[in-house]
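Asker: Could you look at this predicted model? Sequence included:
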Amino acid sequence: DVKVTQSSRYLVKRTGEKVFLECVQDMDHENMFWYRQDPGLGLRLIYFSYDVKMKEKGDIPEGYSVSREKKERFSLILESASTNQTSMYLCASSPQDSSVQPQHFGDGTRLSIL
Amino acid sequence: AQSVAQPEDQVNVAEGNPLTVKCTYSVSGNPYLFWYVQYPNRGLQFLLKYITGDNLVKGSYGFEAEFNKSQTSFHLKKPSALVSDSALYFCAVRDMDSNYQLIWGAGTKLIIKP
């Protein structure tokens, strides 16, 4: 089975801090994704990556950046955390043609910014 | 623009009864449709997908979905609900306008009562 591991299940940070969320997948998938999940809004794509060192903005990239130095690892960075970034963050991966192959998700990181 | 709608925030069903979770979509070409489930404090799990072929798609945990092109719907169904089916269900459609990423519905909370 595909395993997508997010480094933290719960995280509490302060406004203005730089926050790193880490995600690792073990199935050699080309594509990796970062979403945030808020009640009533479903999943919103922040960034995705289709190859090492490649990234593309999703629907809500403002205030975030990403890094993919190795194929298995995709990091989400909150440059200067703000309270409106309190949310559940989900990482996912999929094989190359993600339009037909399902995405595999980690268990999420619930991030609180105080 | 492509879109997907889940018209019900919550669906309540008695254990043993059939269940339906509704999804409608709008795409400019042929749709690729997906259902995912999210159990409490977990990431999303893939249930089933429609790409082409038979309009009735069978998936995990006894779920199935019916693709209806004329009604642009892809409703999730199960003949006999279990309490353990209680979860959050998401419908998604491929976004052909945006690098073929997925567009997600807002989610439907399914509650199965004993």
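Answerer: On my side now, so go ahead.

Asker: which residues in the chain form strands?
Answerer: Here I'm looking at chain A. Assigned by DSSP state E, the strands in chain A fall at A:4-6, A:10-13, A:19-21, A:23-25, A:31-38, A:42-49, A:56-57, A:64-70, A:73-78, A:87-94, A:104-105, A:109-113.

Asker: meant chain B, my bad for not saying
Answerer: B:3-5, B:10-14, B:19-21, B:24-26, B:33-38, B:44-50, B:56-58, B:64-68, B:73-78, B:87-95, B:101-104, B:108-113.

Asker: near chain A, anything from the second one?
Answerer: Going back to what we said before, that points to strand B:10-14. No: Strand B:10-14 does not reach chain A (CB under 8 Å from any CB of the partner chain); its nearest approach is 11.3 Å. Just so you know, the C-beta spots here come from the backbone N, C-alpha and C atoms, and that holds for glycine as well.

Asker: near chain B, which residues of chain A?
Answerer: A:4, A:9, A:40-45, A:48, A:56, A:58, A:90, A:92, A:98-100, A:102-108.

Asker: Least confident secondary structure element in chain B?
Answerer: Least confident helix or strand, chain B: strand B:101-104 with a mean of 88, by mean pLDDT, DSSP states H and E.

Asker: Sort out which of the residues of chain A next to chain B are buried, if you could.
Answerer: A:4, A:42-43, A:45, A:48, A:58, A:90, A:92, A:98, A:102-108 (16 or more other CB atoms under 10 Å in any protein chain shown).
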